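# Can you look at this prediction? I've put the sequence above it.
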Amino acid sequence: MNPQDTPTIQPPPLEAPLPEQLDLKILFEALLRRPHSLVARLADGNHRATGRFVAMAAISILLFGFVLGCFAKHEQLWAAPAKITVGLLFSGVICFPSLYIFSTLAGARVSITQLAACLAGALALAGLLLLGFAPAVWIFAESTDSFGFMGSLAVGAWIIAVVFALRFLKSVIFATGGTQQGPLMIWSGVFLLVTLQMTTSLRPILGRSEVLLTPEKKFFLQHWGDTFGEALVSKTAAKKPANGAPAPPAETTPSRGDRNPFNDN
């Protein structure tokens, strides 16, 4: 074969650096396509990305929480979004110190401000993925009364979102000099457990209750085991008798309870 006939392999084009101003669109695309470039850009304290990431995460989680609130409706249309958003953001705050410690143990050379921006970005990525699941979750919220299925669907969506968020954090650790995965895996397990326990501590989220927060303490696995087979309680409207007698109290249709993997009375 003539060497001149050999096809020339063109190297991939170099990526342009991220612009000076990081708006929401650029941050969203960088989270999905260019995590390494984003990490390098976040090393500059002039990015102002942390607040945008937090806003992106809060709005996405609020909308996903509203979809979950459609399952029981009534006060859960505002209570479920508020509880989920506050719970997940608070979980990120209380797990941040341990993230800094474990990332340092993994060998990463990352500042506190850079790591805070990256954690906010991971939560924003998780929120955007939850928002992508929202239409499918809404279909089941409107068509089933099974707490077990709805709880499993919500928890499954959250675990998938966390996996992708942790992949982003892994790229942060290795892009900043980290060489070990073990410390990050330990922190990932701690963070996932904290968020799952938070869903039980802030119950009810799916079902309805006379109180905003259930005071009873439970481990989330025990709570799920106790309530997996429950169904949503529906109340029939009381009908006034024709003779003008006082109306009997509203009946409660037979059900197995008003509890679910996110709710306990």
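Okay, I see it. Residues are numbered from 1 along each chain as shown.
# Output the below-cut-off pLDDT ranges for this protein.
Along the chain, the parts satisfying pLDDT under 70 run over 1-17, 19-20, 44-46, 223-265.
# Residue 54 contacts residue 92, doesn't it?
No: here residue 54 does not reach residue 92: they are 9.1 Å apart, not a contact under CB atoms under 8 Å. Placement of C-beta: from N, CA and C, glycine included.
# any residues in contact with both of the two?
120, 123 (CB atoms under 8 Å, 6 or more residues apart in numbering).
# So which residues make contact with stretch 109-125?
With contacts defined as CB under 8 Å, 6+ apart, stretch 109-125 is touched by 27, 31-32, 38-39, 42-43, 45, 47, 49-50, 53-54, 56-57, 60, 88-89, 92, 96, 99-100, 103-104, 161, 164-166, 168-169, 172-173, 176-177.
# Just those: which are in helices?
If you go by DSSP state H, the contacts of stretch 109-125 have 27, 31-32, 38-39, 42, 49-50, 53-54, 56-57, 60, 88-89, 92, 96, 99-100, 103-104, 161, 164-166, 168-169, 172-173 in helices.
# Please pick the buried ones from those residues.
Buried residues within those, counting neighbours by 16 or more other CB atoms under 10 Å: 27, 31, 38-39, 42, 49-50, 53-54, 56-57, 60, 88-89, 92, 96, 99-100, 103, 161, 165-166, 168-169, 172-173.
# In whichever strand or helix holds residue 132, which residues are buried?
Using DSSP states H and E, the element containing residue 132 is helix 112-143. For helix 112-143, a neighbour-count test (16+ other CB under 10 Å) marks 114-131, 133-134, 137-138, 140-141 as buried.
# again with stretch 184-193
Buried positions in stretch 184-193, judged by neighbour count with 16+ other CB under 10 Å: 184, 187, 188, 191, 192.
# What is the nearest of these to residue 64?
Using CB to CB, residue 192 is the member of these that sits closest to residue 64, with 17.3 Å.
# Confirm that that closest one sits in a helix.
Yes: remark: residue 192 belongs to a helix, assigned using DSSP: H, G, I helix; E, B strand; the rest coil.
# Could you find the closest non-adjacent residue to it?
residue 162 (5.9 Å; CB to CB, 6 or more residues apart in numbering).
# That neighbour and residue 193 touch, don't they?
No: the criterion here is CB under 8 Å, and residue 162 misses it with residue 193 at 11.0 Å.
# and stretch 188-207, how far from the chain's centre?
10 Å (CA atoms, centre = their mean, to the nearest Å).
# Could you do stretch 89-100 as well?
A distance of 14 Å separates the centroid of the chain from that of stretch 89-100, by CA atoms, centre = their mean.
# Now distance to residue 222 too, for the buried residues of stretch 184-193, in TSV please.
TSV is the format used below for the buried residues of stretch 184-193 (distance: CB to CB, whole Å):
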residue	distance to residue 222
184	28
187	24
188	23
191	21
192	17
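# which among these gets closest to residue 68?
With CB to CB as the yardstick, the closest approach to residue 68 among the buried residues of stretch 184-193 comes from residue 192, at 18.7 Å.
# Pull up the gap between the closest one and residue 25, please.
29 Å (CB to CB, to the nearest Å).
# now swap in residue 155 and tell me
Distance, residue 155 to residue 25, using CB to CB: 30 Å.
# of those two, who's got more company?
Neighbour count, other CB atoms under 10 Å: between residue 155 and residue 25, residue 155 has more, with 17 against 8.
# Please report how far that one lies from residue 188.
16 Å.
# how near is residue 97 to residue 191?
Using CB to CB, one gets 12 Å for the distance from residue 97 to residue 191.
# How about residue 219?
Using CB to CB, residue 219 is found at 17 Å from residue 191.
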